[in-house]
Every structure is written in C-alpha cells, then in structure tokens.
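A.B. asks: model this:
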Amino acid sequence: MKKRSDLHQREKENFLKLAHHLPPDKKDLFLKIFETFLESEEHISPEEFRKKLRDQGLDLPEKDILEALEFFCKLGFAQRKDFLGKAPVYEHRHLGEHHDHLICTKCGRIQEFFLPQLEALQEEIARQYGFKPLNHRLEIYGLCAACQASRAKPALPLTLISAGEKVRVERFLGGSQALARLAALGITIGETLEIINNCGPIIVSVKGARLAIGQGLAQKILVSPLD
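C.D. replies: Numbers count the residues shown, from 1 in each chain. Just a heads-up that it's a prediction; the model follows:
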C-alpha cells in the first residue's frame, strides 16, 4: 500500500511540473481530478468517472472531465482505449509497463493480461522482418468465464449468441411455416452456423454463404455453442 501511495505522490509531483503553464484555477481543478483518476486503476468511461467525482463532492460538466482526461493523455499519465462496440475508456498509464486486453462482448468486462512469451514472440516476428516495433496493442474479443457459465443450458435461442461464435443447430420452435422458411434458407438440425453480426437482422455464415435472419425467426432457432 505504501508503494502505491509513494507512486501516486510522485505522479502528482510530476503532473504539477508538467502542468505549470496552466492558469492557477485550471491547474487546481485538474489536480483534483487527477488525484481521483490516480485512484481509478480500472478502465473508466467519462460518464463513470463523472459519477466517481460527484461521489467525492466534485460535480463537473462532462466536457470539463473530457478536457481533463485528454490533457492527462497528452502528458502521458493516461491513455484512451477505443474497444470495438464500446464507448471510449481511459486508464492510468504506468511508465515502463505494458499489458494487453481480453474484452467480453456480452458484459463488456475488460481483463488486462501480460504474457512474456507473447511479447518475445512479437519481438521475434519483428526481427525476422527487419521491423522496428515502437508500440503495439493486442485485443482478444470473446466471452468471459462468468458469461460462459451463465449460458450453461444445452440449447439457446440464436438471438443470444455473440458475433464471432460458431454454433450447432439443435432444434427448432414454432409451426410448420417457420420450419419451411428455415429449410428454404438451408438451416437444418446439426448445421454449423457462424454469427457474423447480431445487431438488427442476425447475419450468419452457413455453407459458405451469408444469410440474414430476422429476430423473430432467430428466436425459434435453438443452438449450442461449439467449443
């Protein structure tokens, strides 16, 4: 705990040196925001950060918070992350540290990870191609353990499946008309589908072709995710 408080104290001192050109009132305000930001080690959106500041008695317009966060990025104390399908989030940038991210496409959870073997492999790839790497980012999208556990049922409606997953068709609901429509589309029991997009009409890949399935019909298709 002492190590963390010492680090934060050094970061504040460094911030004040780099922010010396700001008008006194803005520098004082940004310092208050910065102190709260240092306590936020998670990936945080401007809206979430505004609530955290409000809980500490500092009620500010979102534009002021965005200005402060972008200023922290400019000075190298923060970094903005734009993950697919998510609003921009900000995280504390620790000098000399690097990590990559696992992003759950269902609940939005972001898990940081660092694997030395992966870093070494990336350096070896760059070396083989005579490339000098300056920076990189690795993002893996999928389902976290909690979201996988919550879907433990053997068959789920196609509407609950995330983009990028492959599933097997288990059975159908509905009457003969719905079954005839599915058969005409080439969707049969045991068929493997890959979900391309699940916003609006669900786009799936089946037998090398893309198909659009309305939400109502997709609700009648029960599938099980492939491992």
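A.B. asks: got phi/psi on the residue located most distally from the centre of the chain?
C.D. replies: Distance from the centre of the chain peaks at residue 176, with 40.8 Å (CA atoms, centre = their mean). Main-chain torsions, residue 176, degrees, to the nearest 10: phi -70, psi -30.
A.B. asks: could you number the chain from 21 rather than 1 from now on?
C.D. replies: OK, 21 is where the count begins now, so the last one is residue 196.
A.B. asks: how far away is it from residue 231?
C.D. replies: 20 Å (CB to CB, to the nearest Å). Just so you know, the C-beta spots here come from the backbone N, C-alpha and C atoms, and that holds for glycine as well.
A.B. asks: same deal with residue 115?
C.D. replies: Applying CB to CB to residue 115 and residue 231 gives a distance of 50 Å.
A.B. asks: so for those two, which residue has more residues nearby?
C.D. replies: Counting neighbours by other CB atoms under 10 Å for residue 115 and for residue 231 shows that residue 231 has the greater number, 16 against 10.
A.B. asks: I'd say the more buried one and residue 217 touch.
C.D. replies: No. Using CB atoms under 8 Å, residue 231 makes no contact with residue 217, being 11.4 Å away.
A.B. asks: okay, and the common contacts of these two?
C.D. replies: residue 223 (CB atoms under 8 Å, 6 or more residues apart in numbering).
A.B. asks: before we move on, the earlier item: spit out the contact partners of the residue farthest from the centre of the chain.
C.D. replies: Counted by CB under 8 Å, 6+ apart, residue 196 has zero contacts.
A.B. asks: what number of residues lie near residue 182?
C.D. replies: With other CB under 10 Å as criterion, residue 182 counts 16.
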